[in-house]
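> Task: produce atomic coordinates for the following.
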Amino acid sequence: MIHPNFIYLGIFLQTIGGVDYLIGTIKGTVKPNRVSWFLWGLFPSITFVAQIQQGVGSEAWVTFFVGLFNFVIFFASFINKKSVWSIKKLDIVCGALALVGLVLWLITRSGNMAIVFSIIADALASMPTLIKSWHNPETESVSAYFLGILNIFIGLLVIKVWHFENYAFLVYILIVTVILTILIQFKIGALFKKNATISYAEAKRTRHRGGKPAHPLLSRRAKR
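Presented below is the predicted three-dimensional model:
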């Protein structure tokens, strides 16, 4: 555990990442998925309220600022038409299912259950951006997610008592942010497609040759 004042360092790092993503969005070099970013603003806000109700300490403000910056990015995406990422049916389905989680929270009115439903809903909201980062990592900004990891990590280190309401949402956000960072930085989707294309081309050439063994000794044995 570290001193609670380190929370401000985490928020500062999150701000730097958020500003970088915001500038990219305004310029049109970054294209946020509006479904994800709107819900990413909404659900941390719900979780923040639930955490406050549960008596969570300063680490709750990490959740608050995560939601705040996500809302800023969402509204910034309307400034430049080049920042628009076309919304597909899957995005709408994920968004609708995510809102179901919100309804369940309103029904239960329970602090921990609200956090659980927020995590489920936020995971569904993350799917459009995860898919986009797999197929089109160049439309994202890796620095924003990386600095977000540092912010969340600091938030976890500040926790004094490891109760569910203190760490659950932060751990979840950390996992998703790490996955996004890896997908964007290393372009995992593009590498997978490249390897799949090479394998397909090799298989096609083999079929074109009639499926005959390449090694001459194997060919002779086959004739016998």
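
> ranges for the helices of this structure?
Using DSSP state H, the helices of the chain run over residues 6-27, 34-53, 60-76, 89-108, 111-135, 142-158, 164-186, 188-208, 216-223.

> pull the CA atoms of the third one into CSV?
The C-alpha atoms that make up helix 60-76 are tabulated as CSV, following Å, rounded to 0.1, in the frame of the first residue of the first chain:
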residue,chain,number,x,y,z
ALA,A,60,-13.3,6.0,-5.7
TRP,A,61,-12.1,9.2,-7.4
VAL,A,62,-10.0,7.1,-9.8
THR,A,63,-13.3,5.6,-11.0
PHE,A,64,-14.9,9.1,-11.2
PHE,A,65,-12.1,10.6,-13.4
VAL,A,66,-12.1,7.5,-15.7
GLY,A,67,-15.8,8.2,-16.3
LEU,A,68,-15.3,11.9,-16.7
PHE,A,69,-12.6,11.7,-19.3
ASN,A,70,-14.6,9.1,-21.3
PHE,A,71,-17.5,11.5,-21.5
VAL,A,72,-15.2,14.3,-22.7
ILE,A,73,-13.9,12.0,-25.5
PHE,A,74,-17.5,11.0,-26.4
PHE,A,75,-18.6,14.7,-26.9
ALA,A,76,-15.3,15.6,-28.6
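
> quick check: angle from that helix to helix 142-158?
Using axes from the mean of the first three to the mean of the last three Cα atoms, to 10 degrees, the direction of helix 60-76 lies 160 degrees away from that of helix 142-158.

> which other residues reach helix 60-76?
Contacts made with helix 60-76 from outside it, assessed by Cβ atoms under 8 Å, 6 or more residues apart in numbering, are listed as 7, 10-11, 14-15, 18, 21-22, 25-26, 32, 34, 37-38, 40-45, 47-48, 51-52, 83, 148, 151-152, 154-155, 169-170, 173. From N, CA and C alone the C-beta is placed, and that goes for glycine too.
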